[in-house]
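Peer 1: how would this look folded up:
(2 chains)
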Amino acid sequence: MKRNLLALAAFTLTAAAAHAQVTITEPWVRGTVAAQKATGAFMTIKADEDVRLVSGTSPVAGVVEIHEMAMDNNVMRMRQLKDGLPIAKGAQAELKPGGYHVMLMALKQPLAAGEQVPLTLTFEGPDKKTFTREVKAPVRALGAAPTGGMGGGMPMQHKH
Amino acid sequence: MVASMAHIGRRAALARLSGITVAALAAGTLAGCDKLGQVMGKQEGFRGIDITGADYGKGFSLHDANGQLRTLADFRGKVVQLYFGFTQCPDVCPTALTRAAEVKRLLGKDGDRFQVVFITVDPERDTPELLREYMAAFDPGFVALRPTPEELKQTAAEFKVYYKAVPTGSSYTMDHSAQSYLFDPQGRLRLVLRHEQTAQDYAHDVQMLLKQS
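Peer 2: Numbers count the residues shown, from 1 in each chain, chains lettered A, B, ... in the order given. Predicted coordinates for the structure are as follows:
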């Protein structure tokens, strides 16, 4: 029995070590006004294995989805990435205005500048096993000037 | 993207042309002077697409978030930027409105003669209260219009604007045209600017329309 437990513990450790290293930098959430029920979270994600951002949860939102926004002949189209967002080994996925975002919907409260929004993001590794990462994304004021230029000017880069 | 490449190509060509003309001017020819004037005039052209005289986009008659009926005539003497969007939009709409606020800042004291008008394509969720709060987050002077579904259909058709509700999970999002229209201070539709253009591009064209009037 004891041996079995040890074996199980060893297995768990191996499984934990097998998860890809995922680094999430500069997360932020766009602030909202009182009656607003949706907004986006943005960040840069890097992984040392091929992973896929498949879903998320947050205590501030009833629904969290992974979305892609694309401009098509002056028309803005936003779609849920049903299979998640693939992030290639060593590549950097930028979730930023004009491209991908984590969509927070059915918001339970308005998000004011300076608050921290906890996000739990679920990734799927090459072995199809899922693991989660926690991130606290600061809220930027809804009307605040974006940092690093106006979002729109550059062509979208899809780094897969 | 193709359009933007063509745009860059044209600008580069103009820059080269003006270089040649400057050389001609340095050679002391009067003809060079004339050419310089012409080329400089072109170089200072609109950064948006000139649609002056278009047979669409004549105007609107819609209620704002305070229940007041608004038409273009209310903004006579100002350049009006018209944009269609919705507040549950996480990306293009706040980017467009943040840029519009930046344009107003770039215009300095002429900012008083620049009016942003936002028409919601999601009147069901965009209540008057939400629209008031949302606009105020960018600039208290921005006006939001809330059409009825029937009015939205008519106004979007008038401006050749596309919008469509698309289900996503338990909710829906709106696909919509993201260009901006600029009206001159006489209330005539003059320019269409793309979402990808910068605050500087917008401010440049607003300034030109103000100067022309």
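
Peer 1: So which residues of chain A form strands?
Peer 2: Counting by DSSP state E, the segments of chain A that form strands are A:22-30, A:39-47, A:51-57, A:61-72, A:75-80, A:85-87, A:92-95, A:100-107, A:116-124, A:130-140.

Peer 1: what mean pLDDT does stretch B:88-107 have?
Peer 2: Averaging pLDDT along stretch B:88-107 yields 95.

Peer 1: Which residues in that stretch does the neighbour count mark as buried?
Peer 2: B:88-104, B:106-107 (16 or more other C-beta atoms under 10 Å in any protein chain shown). Every C-beta, even on glycine, is put in place using the N, C-alpha and C of the backbone.

Peer 1: Which single residue in chain B comes nearest to chain A?
Peer 2: Taking C-beta to the nearest C-beta, chain A has its nearest neighbour within chain B at B:P90, 2.9 Å off.

Peer 1: my read: that residue touches A:G40, true?
Peer 2: Yes. B:P90 is within contact range of A:G40, at 2.9 Å (criterion: C-beta atoms under 8 Å).

Peer 1: intersection of neighbour lists for those two?
Peer 2: A:30, A:67, A:101, A:103-104 (C-beta atoms under 8 Å, 6 or more residues apart in numbering or on different chains).

Peer 1: about what we covered before: got the phi and psi for the residue of chain B closest to chain A?
Peer 2: With angles defined as degrees, to the nearest 10, B:P90 sits at phi -80, psi -10.

Peer 1: Excluding chain neighbours, what is closest to the residue positioned nearest the centre of chain A?
Peer 2: A centroid search over chain A (C-alpha atoms, centre = their mean) returns A:V102, at 5.0 Å, as the residue closest to the centre. Using C-beta to C-beta, 6 or more residues apart in numbering or on different chains and skipping the chain neighbours, the partner closest in space to A:V102 is A:A41 (4.1 Å).

Peer 1: And for that neighbour, the neighbour number?
Peer 2: A:A41 has 25 neighbours, counted by other C-beta atoms under 10 Å in any protein chain shown.

Peer 1: So it sits against A:L121, correct?
Peer 2: No. Counting by C-beta under 8 Å, A:A41 stays clear of A:L121, with 9.3 Å between them.

Peer 1: Name the residues contacting each of these two.
Peer 2: Joint contacts of A:A41 and A:L121 (C-beta under 8 Å, 6+ apart) are A:V102.

Peer 1: Run through chain B and note the low-pLDDT ranges.
Peer 2: Applying pLDDT under 70 to chain B picks out residues B:1-44.

Peer 1: one more time with 50
Peer 2: Within chain B, the segments meeting pLDDT under 50 span B:1-43.

Peer 1: Break it into its domains for me.
Peer 2: Per automatic domain parsing, the structural domains of chain B span B:2-44, B:61-212.

Peer 1: Of all those, which one is nearest A:D48?
Peer 2: For A:D48, the closest of those is domain B:61-212, at 28.7 Å, according to C-beta to C-beta.

Peer 1: centre of the chain versus the closest one, how much separation?
Peer 2: Centroid separation between domain B:61-212 and its chain, computed with C-alpha atoms, centre = their mean, to the nearest Å, is 8 Å.

Peer 1: coming back round to it: contact partners for the residue nearest to the centre of chain A?
Peer 2: Going by C-beta under 8 Å, 6+ apart, A:V102 touches A:40-43, A:56, A:64-67, A:95, A:119, A:121.

Peer 1: I'd like those as JSON lines, with pLDDT and distance to B:V79 appended.
Peer 2: Below are the contacts of A:V102 laid out as JSON lines (pLDDT from 0 to 100; distance: C-beta to C-beta, whole Å):
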{"residue": "A:G40", "pLDDT": "97", "distance to B:V79": "30"}
{"residue": "A:A41", "pLDDT": "98", "distance to B:V79": "35"}
{"residue": "A:F42", "pLDDT": "98", "distance to B:V79": "32"}
{"residue": "A:M43", "pLDDT": "98", "distance to B:V79": "37"}
{"residue": "A:G56", "pLDDT": "98", "distance to B:V79": "42"}
{"residue": "A:V64", "pLDDT": "96", "distance to B:V79": "40"}
{"residue": "A:E65", "pLDDT": "95", "distance to B:V79": "38"}
{"residue": "A:I66", "pLDDT": "96", "distance to B:V79": "39"}
{"residue": "A:H67", "pLDDT": "96", "distance to B:V79": "34"}
{"residue": "A:L95", "pLDDT": "97", "distance to B:V79": "35"}
{"residue": "A:L119", "pLDDT": "98", "distance to B:V79": "41"}
{"residue": "A:L121", "pLDDT": "98", "distance to B:V79": "43"}
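
Peer 1: Put the buried members of those residues into a ChimeraX selection.
Peer 2: Selecting only the buried entries of those in ChimeraX, with 16+ other C-beta under 10 Å as the criterion:
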select /A:40,41,42,43,56,64,65,66,67,95,119,121
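
Peer 1: Check the contacts of A:V102 and tell me the two furthest apart.
Peer 2: Using C-beta to C-beta, the two most remote members of these are A:M43 and A:E65, lying 15.1 Å apart.

Peer 1: Now do the same contact list for A:A34.
Peer 2: Going by C-beta under 8 Å, 6+ apart, A:A34 touches A:110, B:129-130, B:133.

Peer 1: Kindly recompute the last result at 7 Å.
Peer 2: A:110, B:133 (C-beta atoms under 7 Å, 6 or more residues apart in numbering or on different chains).
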